[in-house]
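*Asks:* All I have is the shape, not the residue letters:
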């Protein structure tokens, strides 16, 4: 397949994750492989250009305009990682330009600033800010004197290709004027200035490979020896100019596409957010129309898996405002004492608003405090993560350890029944603290629970546990929970006494069951929509992978595939 065939599939791959960023990298790969522009038989071959480079290097050294570069060659054979056109030539990078490391200006220079713009810019990697293929003229500060012997910084000429060799590795820019850098650079001073732009393109293309060779984890840096030894595919000078012009044109196109995509996504996000906001803070007079519009429009507006989270939250908020299922005049309101209920403006007539403590069948209990010992015949004890890892609010019974010495009294005190709610007392993530999860006993392990979890048993005559679990995930309840959370040494926490004071809306019991059933159905729909969006994104990613791989495959391989 020719690279141009990518355009035939653009509408399918453009929405793939990081599609434009990957297409930018693809263009750079084509550029350094000689596949971006056609070769011209009249071009002077790169072998002749190498001779000119060697002569110019010798002239600069002899004239004193350039210090004789250190010999960084390790004597090994030149690696040729891919095929290049016949008119091109493989060379070490230090053959086409001097590799110059950064340094530190003398202390005296720091007190002798020139007028702004008059001194020599001294750059750090942060001054490039991640920009690629950019002409950069100024840096962190201007220094008036970079020639003192006490300075390890080197003044490099206009056209120097600046390459960051210390994390973050791979920022590339071209100096628009004489410049110097700190130790975070291994820059390339081309022996022939006309090669600057192509060298910059190639360095951007090779950046991931260079980064992969950097030793270290938290602090990564590549040596001048590694940079100097980069296998460099050198095209004829005339072809370099054509490549640079083509890259500039395509990158400008990608800039426009990226801006258009960002604008489209921003407009879609604003419309979706506005639709959901009108549902979350409903106007009684316009709610039906707002709901109709949202239901009609959201499938078109919801195009990314991350947007489903907002939809899920809106469903829960509607449920807790009595807007998800119709009220039934025959329902009996919750049998709560009038003194235990509070006013809730806008709530349905038969709903009540009360504190969690008024809904309990028995007092809350913190879990078992002794640490698990993984005894082979021990009793299962849940991990703290059992209450956080599942998105559907069900206690993850697989998340458990074993503990010995649990007698019948301990099992009774810290055991769990189906329908019990667990709340996390402490967690590094505030969103998990006080979050309710429901125990199903789907593994039949009969576990106990640890002291970082709080057990909540509600009165079946007043509340459906699953309804309270749903309510606990809404903005209405979470706002109160997070208000009483306290932080200690990086962990957030809530006490059982504070949790019991959190207020919950309480519909009639029959309506609670209807709400739970409706939410379950809508969440299942969200699951299917999310799975579909995820599958579509994965398909687009695989298609993009295949197209890029095929476009970069050697011509011989493509011909063999066509013959088969």
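*Replies:* Cool, the structure landed. Predicted model only: the values in this text are computed from it and were never measured.

*Asks:* and residue 426, bridged to which residues?
*Replies:* Beta-bridge pairing for residue 426 (DSSP bridges): residue 493.

*Asks:* so what's it up against?
*Replies:* 384, 433, 452, 491-493 (C-beta atoms under 8 Å, 6 or more residues apart in numbering). For glycine as for every other residue, the C-beta is placed from the backbone atoms N, C-alpha and C.

*Asks:* mind checking how far it is from residue 487?
*Replies:* 10 Å (C-beta to C-beta, to the nearest Å).

*Asks:* what sits in contact with each of these two?
*Replies:* residue 493.

*Asks:* what about residue 268, how many neighbours?
*Replies:* Residue 268 sits with 17 neighbouring residues when counted by other C-beta atoms under 10 Å.

*Asks:* tell me which element it is part of?
*Replies:* Using DSSP states H and E, residue 268 sits in helix 237-280.

*Asks:* that older thread, return a ChimeraX selection command for the buried portion of the contacts of residue 426.
*Replies:* The following ChimeraX line selects those of the contacts of residue 426 that are buried, judged by 16 or more other C-beta atoms under 10 Å:
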select :384,433,452,492,493
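
*Asks:* Including pLDDT, could the contacts of residue 426 go into JSON lines?
*Replies:* Below are these laid out as JSON lines (pLDDT from 0 to 100):
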{"residue": "384", "pLDDT": "93"}
{"residue": "433", "pLDDT": "95"}
{"residue": "452", "pLDDT": "93"}
{"residue": "491", "pLDDT": "89"}
{"residue": "492", "pLDDT": "94"}
{"residue": "493", "pLDDT": "94"}
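
*Asks:* so how far is stretch 460-471 off the chain centroid?
*Replies:* Its chain's C-alpha centre and that of stretch 460-471 lie 36 Å apart, by C-alpha atoms, centre = their mean, to the nearest Å.

*Asks:* what comes up buried for it?
*Replies:* Residues of stretch 460-471 classed as buried by neighbour count (16+ other C-beta under 10 Å): 462-471.

*Asks:* Please identify which pair of those residues lies farthest apart.
*Replies:* Maximum pairwise distance among the buried residues of stretch 460-471 (C-beta to C-beta): 15.6 Å, between 462 and 470.

*Asks:* Redo the contacts of residue 426 as JSON lines? Include distance to residue 227.
*Replies:* Putting these into JSON lines (distance: C-beta to C-beta, whole Å) gives the following:
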{"residue": "384", "distance to residue 227": "47"}
{"residue": "433", "distance to residue 227": "49"}
{"residue": "452", "distance to residue 227": "51"}
{"residue": "491", "distance to residue 227": "45"}
{"residue": "492", "distance to residue 227": "46"}
{"residue": "493", "distance to residue 227": "50"}
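
*Asks:* Pick out whichever of the buried residues of stretch 460-471 sits closest to residue 337.
*Replies:* Nearest to residue 337 among the buried residues of stretch 460-471 is residue 462, at 11.0 Å by C-beta to C-beta.

*Asks:* OK, contacts around the closest one?
*Replies:* Per C-beta under 8 Å, 6+ apart, neighbours of residue 462: 334-336, 358-359, 506, 509.

*Asks:* if we take those residues, which one ends up nearest to residue 23?
*Replies:* Among these, residue 506 lies closest to residue 23 (C-beta to C-beta), at 54.5 Å.

*Asks:* beta partners of the closest one?
*Replies:* Here residue 506, judged by DSSP bridges, has bridge partners residue 352.

*Asks:* And it, how close does it get to residue 339?
*Replies:* Taking C-beta to C-beta, one finds residue 506 at 15 Å from residue 339.

*Asks:* now do residue 214
*Replies:* Distance from residue 214 to residue 339, by C-beta to C-beta: 69 Å.

*Asks:* The two: which is more packed in?
*Replies:* Set side by side, residue 214 and residue 339 show more neighbours around residue 214, with 18 against 6, by other C-beta under 10 Å.

*Asks:* and that one, what is it in contact with?
*Replies:* 165, 167, 169, 220-222, 226 are the contacts of residue 214 under C-beta under 8 Å, 6+ apart.

*Asks:* The same query, at a cut-off of 10 Å, please.
*Replies:* Contact analysis of residue 214 by C-beta atoms under 10 Å, 6 or more residues apart in numbering lists 165-167, 169-170, 220-223, 226.

*Asks:* Adding neighbour count, secondary structure and distance to residue 89, write the residues you listed out as CSV.
*Replies:* Shown next, in CSV, are these (neighbours: other C-beta atoms under 10 Å; DSSP: H, G, I helix; E, B strand; the rest coil; distance: C-beta to C-beta, whole Å):
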residue, neighbour count, secondary structure, distance to residue 89
165, 27, coil, 25
166, 19, strand, 30
167, 17, coil, 32
169, 21, coil, 27
170, 21, coil, 25
220, 16, coil, 31
221, 16, strand, 30
222, 23, coil, 24
223, 16, coil, 25
226, 18, helix, 21
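
*Asks:* By pLDDT, give me the weakest of the residues you listed.
*Replies:* Within these, pLDDT reaches its minimum at residue 167, with 80.

*Asks:* Now that one. Nearest residue, chain neighbours left out?
*Replies:* Leaving out its chain neighbours, the residue that sits closest to residue 167 by C-beta to C-beta, 6 or more residues apart in numbering is residue 220, at 4.5 Å.

*Asks:* sorry, back to before: and which of the contacts of residue 462 is nearest residue 370?
*Replies:* residue 359 (30.3 Å).

*Asks:* do you know how far the closest one is from residue 185?
*Replies:* According to C-beta to C-beta, residue 359 stands 64 Å off from residue 185.
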